[in-house]
Structure formats: structure tokens, C-alpha cells
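S.K.: Okay, here's the prediction I keep looking at, along with the sequence it came from:
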Amino acid sequence: MTAAPRRTALIVGASRTLGLALAAEYLRRDFDVIGTVRGSARTGLHDLADTSGGRLTVESLEMTDPEQITALRDRLAGRTLDLLFVSAAVTRGDLPIGEVPTEMFTEVMVTNALSPMRVVEWLHPLVAPNGTIGVMSSSQGSLTLNTRGGQDLYRASKSALNQLMRSHAARHADDPRTLLLVDPGWVRTELGGPYAELSVEESIPGVAETIEDHRGKPGLHFVDHQGQVVPW
């Protein structure tokens, strides 16, 4: 009997922390993995690729550069992705919105909302009809859950990302692909800070399990790393 071919996952923003751990998790789940890094410097993803037996390919992508997104799409032409997941995001401190410089506002919105959606829109045709397209969101993007304020710009960028994914889902209402916004929980990363509730190792297996649990369920789902629905 011929073994079933491995599924393929593309993880955008896989050089460190959550994205790197997600790439490692999908290797453990016997996927072939393509991970992207910014620039040409060696990263933890390269180290992981060295031990992957050829199952992990490293691609260079500056996600905020539209030409690099189209170049990546062209390089991957002919490949079929079972999972496309965008993990990249930035934060620039906890300033009240009135104190946020215009350049900072633009940088965070372009990185956290516009650029992930360009990846989703432009690489969408590479994803198998029964595949999954996911983006790392946050409970901080939830309007309902914002009862304390703070992190104004980061919250706004994630809310914008959620809204843009809803627009994408509405325009592709008949598409059989699964669309996911995933909240990884409050994780001890550069973004989450040292006092966050979860380690990367506690969060990411749940993220992957949530993605797998929603496989084959068309439409847009906003869920956390435990598979629970996050209110909009």
C-alpha cells in the first residue's frame, strides 16, 4: 500500500517564538513545512531545517513588501498548500492613541493588518479547496472583551485584521476553505511580556490542535488555542 502524501503547511513569520514553534509542531505532525523569515540572517528556523530531513524549507519574505509576496507566490506556483498560516505581528509599546506618532500607527497597521491580508488574498489560490487559511489574531482584537483599555494601537490593528478577514470571508462566501482567526492566549513572548500566563510550549500545541479540529469546516471562525469561540 502506498503511503498517503504528506500535507504541506506554509507558516509566514516563522523565524522565532510562536511562528517557529508552530513550524516545529507541524513537523511533529508529519507535515512538510515551508517557513518564511525576514532577510538573509540565520535564524532558529534554519537550525530547525537542518534537523528536519529535508521536510522544512526556509523562504525569505519581508511581508510588508508587496513585491516579495508576489515573488513568493511565483516561487511556490505548482505547490498545493493544505495550510497557510500568518503568524507575524509587531507591537510598539502601550501608548494612549493620542500619543501614537503617525509613523508608528502606519507601521503597526501595515504589519499587523494590511500585510497579513495581502498574503491571504494573494496566496489564497495555492491553498487546496479543502485546506485552511489562518491568521494569528488576539483576544485584544475583540471589541466585546475590551473592558479595560490599554494597548490601543495593538488592539486596533488586531480589530482591523479581524474585520478584513470578515470581508474576505464575505467575498468568498461559497469557498469551501476553512478561515481562522486564532488567539494563542497570553503568551510569554516579546509581545506578551515576561508575566504572561502561558509559555510558547503551552500555547502552540493547542493552536495546532484547534487548526486541525476546524479542518473541513468552511467559513470564518474566531477561536482561541483551546478551541473556544472568541467574541467579536
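M.R.: Received it, and whenever you're ready, just let me know what you need.

S.K.: Which residues are in contact with A128?
M.R.: Counting by C-beta atoms under 8 Å, 6 or more residues apart in numbering, A128 touches T80, L81, D82, R177. Any C-beta I mention is one placed from the backbone N, CA and C, and that applies to glycine too.

S.K.: where along this structure do the strands fall?
M.R.: Remark: strands assigned in the chain by DSSP state E are 8-12, 32-37, 56-60, 81-86, 127-136, 178-183, 219-224.

S.K.: Of the ones you listed, which is nearest R75?
M.R.: Using C-beta to C-beta as the measure, strand 56-60 is the one of these that comes nearest R75, at 7.0 Å.

S.K.: of the contacts of A128, buried ones?
M.R.: L81, D82, R177 (16 or more other C-beta atoms under 10 Å).

S.K.: buried stuff in stretch 195-203?
M.R.: L198, V200, S203.

S.K.: For R28, state which of these is nearest.
M.R.: Closest to R28, out of all of the buried residues of stretch 195-203 and judged by C-beta to C-beta, is V200, at 14.1 Å.

S.K.: residue contacts, R73?
M.R.: W122, L123, L126.

S.K.: make it 6 Å
M.R.: Residues in contact with R73 (C-beta atoms under 6 Å, 6 or more residues apart in numbering) are W122, L123.

S.K.: Over to the one 3 residues further on?
M.R.: Taking C-beta under 6 Å, 6+ apart, we find L76 in contact with L126.

S.K.: rewinding a little: please work out which of the strands of the chain is packed deepest.
M.R.: Highest mean neighbour count among those (mean count of other C-beta atoms under 10 Å): strand 8-12, with a mean of 27.

S.K.: now the angle between strand 81-86 and it, please.
M.R.: 10 degrees (axes from the mean of the first three to the mean of the last three C-alpha atoms, to 10 degrees).

S.K.: picking that back up, would you turn the buried ones among the contacts of A128 into a markdown table with distance to T70 and pLDDT?
M.R.: Converted to a markdown table, these look like this (distance: C-beta to C-beta, whole Å; pLDDT from 0 to 100):
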| residue | distance to T70 | pLDDT |
| --- | --- | --- |
| L81 | 16 | 98 |
| D82 | 22 | 98 |
| R177 | 20 | 98 |
